[in-house]
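> Next input, structure requested:
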Amino acid sequence: MGRDALSTAPAHATARTLAVGTFWTTAGQVVASVAGLAGTVVAARLVPPSEFGRMGIVTLVLAAIEAFTQSGFEQALVQRRDSVDELLDVAWTWTVLRGLFIGALMCAAAPLLAHVYDDPLLVPVLCVSALAPVLRGAANVGVILYRRNLDFRAVFMVNVGAPVFRLAALLAAAILLRNVWALVIGAVAEAFALLVASYVQHPLRPRFRWSWERLRPLVRYGRWVTAMSILGFLVLKGDDLFVSKALGYEALAFYQLAFGIASLPASNITQVVSRVSFPAYARLQADPVELRRAFVQVMRATTLLALPVATFLGTAAFLVPVVVGERWAPVVPLVQLLMIGGMLRSFLALGGALFLGTGRPDLDVWMNLPRLVVLAILIAPFSWWWQVDGVALASIASVAACFPVWIYGVRKQIGLGMAEVLRANALALVASTLLGLVVVGASRIVVSSDVQATALAVASVPAWLGLMWILGRVTPLRLFDELQALRTVLRKPAPTERPEPTGSSSGG
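Model (predicted):
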């Protein structure tokens, strides 16, 4: 019985497919984010920032090795239009071997890194943390079939338990240990939970098998994903590497927390939508009109959600020390700066999904190359002048450098110009500006306690919604109509579809 039962849905089903997929992917991301936030808040109150900085070195090392060994096979399997049954075993064999290699390399590099950072504790911390990539590498490759068939409910069922399991392990360890080992235990526990869930939820049982001939088509596509992975590490983690060595563990902890908060809209909204839209764009490659329509719909809906959230987080950053403790107060100006870069990255991710889905991963690479150049030029002088705030400014400038290629790529792939992009996002831009003004105005009110400051920030949201309702009565910018349209698409019953023959029989 065939394992890859990919069917081709009619073009008119795309809107609902994207909406339902976004719902389930967002649900999974919300669970992960809530669990992650809860763990971070509790751990930040129990574990010193310097210990978070030490764990930051571990995550940087892991990210570096994973970036330079990224195969891009998962994206290649999703993007292929024909059956991938014969490729699954060799792809899984590769991921298992890659996970073992990453773990071994982390252990081998541990003594050198301990010497570079003058921190002997890095040796055992790195070696135990090496279990995480080994466990993730052995996860069931069959989960990729869920993404190919746009079955994001099944993806949700696979992924939902891991962050919750991590939270439970992290909380228990943080209360008992109150040091870096609590963070290590949380990371390994999440990888273990994901491994178990992948085999419980999907019936495929992959076997060790190697065939260069079968890997070759994946390598041809994946080489650009590999290049983008390396480039992505340098542009996303290059500033972390610089801070870790030039400014120390504590500064790294502050910078990473601020970057994580500033990235919430991009990671929890835009990246979610990108994961859903990438396979959908791959299905629409032969229908340029529907592809363009789908991209515009996805972009408008995404920015309508992501930009106001980013604006609120940036303007209400003064609440961060209230949540995680006063010793984290230095992150406030960093969040406000980095949130600008987070908004820009949200747009970039939308283009990246389009380029991957239409078989042009090279455009994603060329889009991010100027980012690396600008970051390399600016990060050192900016940090000398403005310390860690200067690193944040260099990061923002580097993200802005990506937009010329983004504009070119979107126009080339779907014929969409900047004027149309601005029109599609006019409501999101206006809504975000109004929200920012309301929150800033509320923050100017003199209060006598953190509780009152928090209450004012929360109260600014319904005040903003009231302003948007008034604006919708007198202008065409109707926020609630847009949200209702999205809700209608989500609830609308899917049309009856007849799968087209794919050359493989139905099966799990």
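
> Report the backbone C-alpha coordinates of stretch 77-96 in CSV.
The C-alpha coordinates for stretch 77-96 follow below in CSV (Å, rounded to 0.1, in the frame of the first residue of the first chain):
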residue,chain,number,x,y,z
LEU,A,77,10.0,16.3,-0.3
VAL,A,78,7.1,18.7,0.3
GLN,A,79,7.8,20.7,-2.9
ARG,A,80,7.9,17.6,-5.2
ARG,A,81,4.7,17.1,-7.2
ASP,A,82,5.1,13.4,-7.7
SER,A,83,5.2,10.5,-5.2
VAL,A,84,8.0,10.5,-2.6
ASP,A,85,7.5,6.9,-1.3
GLU,A,86,10.8,5.6,-2.5
LEU,A,87,12.7,8.6,-1.0
LEU,A,88,11.5,8.4,2.6
ASP,A,89,13.8,5.7,3.9
VAL,A,90,17.0,7.3,2.5
ALA,A,91,15.9,10.7,3.8
TRP,A,92,15.3,9.3,7.2
THR,A,93,18.7,7.5,7.1
TRP,A,94,20.3,10.8,6.4
THR,A,95,18.6,12.6,9.3
VAL,A,96,19.6,9.9,11.7
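
> Name the residues of it that come out as buried.
Buried residues in stretch 77-96, counted by 16 or more other CB atoms under 10 Å: 77-80, 83-85, 87-96. The C-beta positions use only the backbone N, C-alpha and C, and glycine is treated the same way.

> Just those residues: which are in strands?
The members of the buried residues of stretch 77-96 all map outside strands under DSSP state E.

> Tell me the pLDDT of residue 145.
Listed pLDDT for residue 145 reads 82.

> Quick check: it touching residue 204?
Yes: with contact defined as CB atoms under 8 Å, residue 145 reaches residue 204; the gap is 7.4 Å.

> the more surrounded of the two?
Neighbours were tallied for residue 145 and for residue 204 using other CB atoms under 10 Å; the higher tally belongs to residue 145 (24 against 20).

> who's in contact with the nearest residue to residue 334 once chain neighbours are set aside?
Of all residues not flanking residue 334 in the chain, residue 258 sits nearest, at 3.5 Å (CB to CB, 6 or more residues apart in numbering). Residues near residue 258 by CB atoms under 8 Å, 6 or more residues apart in numbering: 331, 334, 335, 338, 392.

> Tell me how far residue 258 lies from residue 116.
Applying CB to CB, to the nearest Å, the value for residue 258 to residue 116 is 24 Å.

> What residues of the longest helix seen in the chain count as buried?
Ranked by residue count and defined by DSSP state H, the top helix of the chain is helix 361-400. The neighbour-count check on helix 361-400 (16+ other CB under 10 Å) flags 361, 363-372, 374-375, 378-379, 382-383, 388-399 as buried.

> Export the contacts of residue 258 to TSV and append columns for secondary structure, distance to residue 193 and pLDDT.
Output for the contacts of residue 258, formatted as TSV (DSSP: H, G, I helix; E, B strand; the rest coil; distance: CB to CB, whole Å; pLDDT from 0 to 100):
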residue	secondary structure	distance to residue 193	pLDDT
331	helix	29	91
334	helix	31	93
335	helix	30	92
338	helix	30	92
392	helix	34	94
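
> Which single one of these is nearest to residue 209?
Taking CB to CB as the measure, residue 209 lies nearest residue 338 of those, at 44.5 Å.

> Hmm, residue 394 and that closest one touching each other?
No: contact criterion CB under 8 Å: residue 338 and residue 394 do not qualify, at 11.1 Å.

> What's the local residue count around residue 63?
Residues lying near residue 63 (other CB under 10 Å) number 17.

> Wait, it touches residue 238, no?
No: taking contacts as CB under 8 Å, residue 63 lies outside contact range of residue 238: 10.8 Å.

> Could you list the low-confidence segments of the stretch 201-350 of the chain?
Scanning the stretch 201-350 of the chain for pLDDT under 70 picks out no residues.

> repeat that for 80
Applying pLDDT under 80 to the stretch 201-350 of the chain flags the ranges 211-226, 228, 265-276, 278-279.

> And what about residue 118, helix, strand or coil?
State at residue 118, reduced to three classes by DSSP: H, G, I helix; E, B strand; the rest coil: coil.

> would you turn the contacts of residue 258 into CSV with distance to residue 220?
Formatted as CSV, the contacts of residue 258 follow (distance: CB to CB, whole Å):
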residue, distance to residue 220
331, 43
334, 41
335, 41
338, 36
392, 38
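
> if we can go back for a sec, return the distance of the residue nearest to residue 334 relative to residue 329.
According to CB to CB, residue 258 stands 11 Å off from residue 329.

> got it, and residue 230?
According to CB to CB, residue 230 stands 35 Å off from residue 329.

> And residue 275, by the same measure?
Going from residue 275 to residue 329 by CB to CB gives 35 Å.

> Which one of the two is surrounded by more residues?
Higher neighbour count among residue 275 and residue 329: residue 275, with 20 against 14, using other CB under 10 Å.

> Might one say that that one is in contact with residue 29?
No: the pair residue 275 / residue 29 is not scored as a contact, 9.0 Å apart, by CB under 8 Å.

> so residue 25 is in which element?
Using DSSP states H and E, residue 25 sits in helix 14-46.

> Could you list every helix and strand that the helix or strand just after that helix packs against?
Downstream of helix 14-46, the next assigned helix or strand under DSSP H and E is helix 49-68. Applying 3 or more CB pairs under 8 Å, 6 or more residues apart in numbering; DSSP states H and E, we find helix 49-68 packed against helix 88-116, helix 122-129, helix 131-137, helix 180-201, helix 212-246, helix 249-262.

> for those, which one ends up most surrounded?
helix 249-262 (a mean of 23; mean count of other CB atoms under 10 Å).

> Now do that one against helix 361-400, angle only.
110 degrees (axes from the mean of the first three to the mean of the last three CA atoms, to 10 degrees).

> With only the CA atoms kept, save helix 249-262 in CSV.
Provided in CSV are the C-alpha atoms of helix 249-262 (Å, rounded to 0.1, in the frame of the first residue of the first chain):
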residue,chain,number,x,y,z
TYR,A,249,27.2,36.0,29.1
GLU,A,250,24.9,38.4,30.8
ALA,A,251,24.7,40.7,27.8
LEU,A,252,24.0,37.7,25.7
ALA,A,253,21.1,36.6,28.0
PHE,A,254,19.6,40.1,27.8
TYR,A,255,20.0,40.2,24.0
GLN,A,256,18.6,36.8,23.4
LEU,A,257,15.5,37.4,25.6
ALA,A,258,14.8,40.7,23.9
PHE,A,259,15.3,39.1,20.5
GLY,A,260,12.9,36.3,21.4
ILE,A,261,10.2,38.7,22.5
ALA,A,262,10.7,40.9,19.4
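
> Pull the contacting residues for the residue nearest the centre of the chain.
Ranked by distance to the mean C-alpha position of the chain (CA atoms, centre = their mean), the top residue is residue 267 at 3.5 Å. By CB under 8 Å, 6+ apart, the contact list for residue 267 reads residue 29.

> ok, it to residue 58 distance?
From residue 267 over to residue 58 (counting by CB to CB), the distance is 20 Å.

> again, but for residue 416
Noted for residue 416: a distance of 41 Å to residue 58, by CB to CB.

> More neighbours: these two, which one.
residue 58 (23 against 18).

> what sits against the residue lying closest to that one once chain neighbours are set aside?
Excluding its sequence neighbours, the residue lying closest to residue 58 (CB to CB, 6+ apart) is residue 129, at 4.8 Å. Applying CB under 8 Å, 6+ apart to residue 129 gives the contacts 58, 62, 106, 184, 187, 188.
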